[in-house]
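Enquirer: 3D model of this:
(chains A and B, ligands or ions: 2)
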Amino acid sequence: MSRYSALRIVREAMRRHAGWGRAWGSPEPRRRYKVVIVGAGGHGLATAYYLGRNYGITDVAVLEKGWLGGGNTGRNTTIIRSNYLQDPSAAIYEKSRALYEDLSQELNFNVMFSPRGVMMLAQTEHEVRGYKRTVQANALQSVATEWIGPERVKELCPIIRIDGPRYPVLGAHWQPRGGTARHDAVAWGYARKCSEMGMHIVERCAVTGVRTEGGRVQGVETSRGSIDCESLCLVVAGHSGELAQMAGFRLPIESVPLQALVSEPIKPCMDVVVMANTVHGYMSQSDKGEMVIGGGTDGYNAYTQRGSFHHIEETVRALVETFPMLSRLKVLRQWGGIVDMTGDRSPIIGRAPVRGIYLNCGWGTGGFKAIPGSGWATAELVATGASGPLAADFGLERFREGRFIDESVAAGVAH
Amino acid sequence: MLTLRCPCCGVLADETELAPGGTAHLRREGPEASDEAFEAYMFLRDNPRGVHFERWRHAFGCGKWFHAARCTVTNEVFGTYPAQTAAPPEEVLEAIRRRRPEWER
Ligand SMILES: Cc1cc2nc3c(=O)[nH]c(=O)nc-3n(C[C@H](O)[C@H](O)[C@H](O)COP(=O)(O)OP(=O)(O)OC[C@H]3O[C@@H](n4cnc5c(N)ncnc54)[C@H](O)[C@@H]3O)c2cc1C
Ligand SMILES: [Zn+2]
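Expert: Ligands and ions are numbered 1, 2, ... in the order given. Got it, this is the predicted structure:
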């Protein structure tokens, strides 16, 4: 596959763009691979990429039942930040954020990483105390964040109303190098590199069964035949429960819809990401000019991939109070993804109860930001059979042992 | 919008009138439980893609808890039943089998 460059664009422009070719191959699956990864979302693809890049393992297939990036990776609101409270979270999310900084160069694919700054508004006294504490924790973790007052909030984001009657803005937790990236491009960029290394990305290939023998994985049954493997890595987000059931175990995960929406496009009016966690709403402006809006999860387990309308209403109602100008905008599109919520709202990277099966799941409402770091850590786990320092605390056994990484209490909401 | 018939007061309630209460029929483990048993009760879930037994509260109505059997893929409701039971009643299981012949508990 040839390199993308400015020169290349000029050259292609002169020959009617006839020479671009496919970014990744579309092979028939082989009957056997060393590593089979289920799920071609960001995490599955990044795991494959770092297996090749860091460990030289390229006998890898990534099996995807739909289309590449069509799960939560292509449905999320793309917020990237690493200002978590707990040390293990800060470590893996900051590793990930740092990898995002030059991911476009690394992948030779423009992922449009935009470190425009993320602010988490404090709108109650409780949040003020919580965020000031997190700023201190971040200083110890070498994550650059600061506490800013309401005037600075207004300066950075003039469309915010800071003196609202119910929830005035009392300050914010500000991460200047947080931001957004183009979600599809992250999946496409990794896929292109994996394909270049000779890995197989097989779309429209649903895994329907997991074969085990004597407590060890043998392979998978798929809609395109049976495939053997040495190691099997399950990276299917909201569908983790289903795959676990196929392999004969249960997970501390429940699947619920999470929705988002965009407004009609308008002129640039906001060049930061704002999260208002007390009222459950967050917003950024896309390069096309749409206001990208998300809220909290739906209330009950579902695989419907659309969610309940009243949650959208609640999110918008809350945001209109803090951003009065929104009341004049029309909603252009609304959609949902199925997110995998764990008991402590932290992800799972580790071995499954069946030998040879590895898990990467439980990213819930906030795993887009984690794609590079998570792929890095999961590749280490699959390649060496043991978790490295980034993933060590995220194993499945923490639920039995009571060693939670409790971001649900720490942050209130995710993303 | 999802609607459920509250078996306590008989009202057909919109989901905005109800509070979801998670998976039903979990057996609570006490202080003597093993770590495995407590983990299973507290965290491990079937999380089915299909028939799900769950708890609801008629929060903005009679205020009472009840149970429902619902499909997590289509949101079809197979039936609702009172909270004072450790297992779904036979008529609800019947209703599920009629609609999902391949389903097994
Ligand atoms: C509305 C919304 C907003 C969000 N906002 C943010 C945000 O602002 N910031 C952030 O960091 N995160 C956010 N997230 C979370 C983020 O999107 C996810 O954590 C992340 O994308 C998960 O990536 P993944 O690769 O694990 O899963 P996915 O991208 O869902 O990929 C899993 C893949 O597995 C495939 N699959 C499932 N079952 C099978 C099978 N049986 N056989 C083969 N393939 C199968 C699926 O088709 C899917 O493509 C948001 C999520 C949603 C839904
Ligand atoms: Zn009632």
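Enquirer: can you give me the distance of the residue sitting furthest away from the middle of chain B to B:Phe38?
Expert: The C-alpha centroid of chain B is most remote from B:Glu32, which lies 27.1 Å away (C-alpha atoms, centre = their mean). According to C-beta to C-beta, to the nearest Å, B:Glu32 and B:Phe38 sit 10 Å apart. Every residue, glycine included, has its C-beta placed from N, CA and C.
Enquirer: now swap in A:Cys361 and tell me
Expert: 22 Å.
Enquirer: who has more neighbours out of these two?
Expert: Regarding A:Cys361 and B:Phe38, a neighbour count based on other C-beta atoms under 10 Å in any protein chain shown identifies A:Cys361 as having more, with 28 against 18.
Enquirer: residues in contact with that one?
Expert: By C-beta atoms under 8 Å, 6 or more residues apart in numbering or on different chains, the residues touching A:Cys361 are A:234-237, A:240, A:251, A:253, A:340, A:347-348.
Enquirer: pick the one among the residues you listed closest to ligand 2.
Expert: Checking the contacts of A:Cys361 against ligand 2 by C-beta to the ion gives A:Ile253 as the nearest, at 30.7 Å.
Enquirer: before we move on, what SS does the residue in the stretch 201-350 of chain A that ligand 1 sits nearest to have?
Expert: Taking C-beta to the nearest ligand atom as the measure, the point where the stretch 201-350 of chain A comes nearest ligand 1 is A:Gly337, at 2.6 Å. Three-state assignment for A:Gly337 (DSSP: H, G, I helix; E, B strand; the rest coil): strand.
Enquirer: now do it, the pLDDT please.
Expert: For A:Gly337, the model assigns a pLDDT of 97.
Enquirer: in this structure it contacts A:Leu258, no?
Expert: Yes - counting by C-beta atoms under 8 Å, A:Leu258 is a contact partner of A:Gly337 at 5.7 Å.
Enquirer: more neighbours: which of those two?
Expert: Neighbour count, other C-beta under 10 Å: between A:Gly337 and A:Leu258, A:Leu258 has more, with 27 against 23.
Enquirer: now do the same for the residue in the stretch 251-400 of chain A positioned nearest to chain B: its pLDDT.
Expert: Closest contact between the stretch 251-400 of chain A and chain B, by C-beta to the nearest C-beta, is at A:Pro252 (3.5 Å). Here, the pLDDT recorded for A:Pro252 equals 97.
Enquirer: neighbours of it, how many?
Expert: Residues near A:Pro252, counting by other C-beta under 10 Å, number 21.
Enquirer: excluding chain neighbours, what is closest to it?
Expert: The shortest distance from A:Pro252 to any residue other than its chain neighbours is 3.5 Å, reached at B:Phe43 (C-beta to C-beta, 6 or more residues apart in numbering or on different chains).
Enquirer: how about that neighbour, phi and psi?
Expert: Dihedral angles of B:Phe43 (phi, psi; degrees, to the nearest 10) stand at phi -120, psi -40.
Enquirer: sorry, back to before: tell me the contacts of the residue of the stretch 251-400 of chain A closest to chain B?
Expert: Taking C-beta under 8 Å, 6+ apart, we find A:Pro252 in contact with A:342-343, A:348, A:362, A:396, A:399, B:39, B:43-45.
Enquirer: how much space between it and A:Gly241?
Expert: Noted for A:Pro252: a distance of 10 Å to A:Gly241, by C-beta to C-beta.
Enquirer: again with A:Asp228
Expert: As judged by C-beta to C-beta, A:Asp228 and A:Gly241 stand 24 Å apart.
Enquirer: cool, A:Leu7 as well?
Expert: Applying C-beta to C-beta to A:Leu7 and A:Gly241 gives a distance of 48 Å.
Enquirer: kindly report the same for A:Ala260.
Expert: Taking C-beta to C-beta, one finds A:Ala260 at 23 Å from A:Gly241.
Enquirer: kindly report the same for A:Tyr4.
Expert: For A:Tyr4, the distance to A:Gly241 equals 39 Å [C-beta to C-beta].
Enquirer: about what we covered before: ok, A:Leu7 and A:Gly241, which is more surrounded?
Expert: Neighbours per residue, other C-beta under 10 Å: of A:Leu7 and A:Gly241, the larger number sits with A:Gly241, 23 against 9.
Enquirer: and the residue in chain B that ligand 1 sits nearest to, how many neighbours?
Expert: Closest residue of chain B to ligand 1, C-beta to the nearest ligand atom: B:Arg49 (9.6 Å). Counted with other C-beta under 10 Å, the neighbours of B:Arg49 add up to 19.
Enquirer: check A:Val272 too.
Expert: 20.
Enquirer: so what's it up against?
Expert: Neighbouring residues of A:Val272 by C-beta under 8 Å, 6+ apart: A:116-119, A:156-157, A:284.
Enquirer: ok, 10 Å please
Expert: A:Val272 makes contact with A:116-119, A:153, A:156-157, A:160, A:172, A:174, A:176, A:178-179, A:283-285, according to C-beta atoms under 10 Å, 6 or more residues apart in numbering or on different chains.
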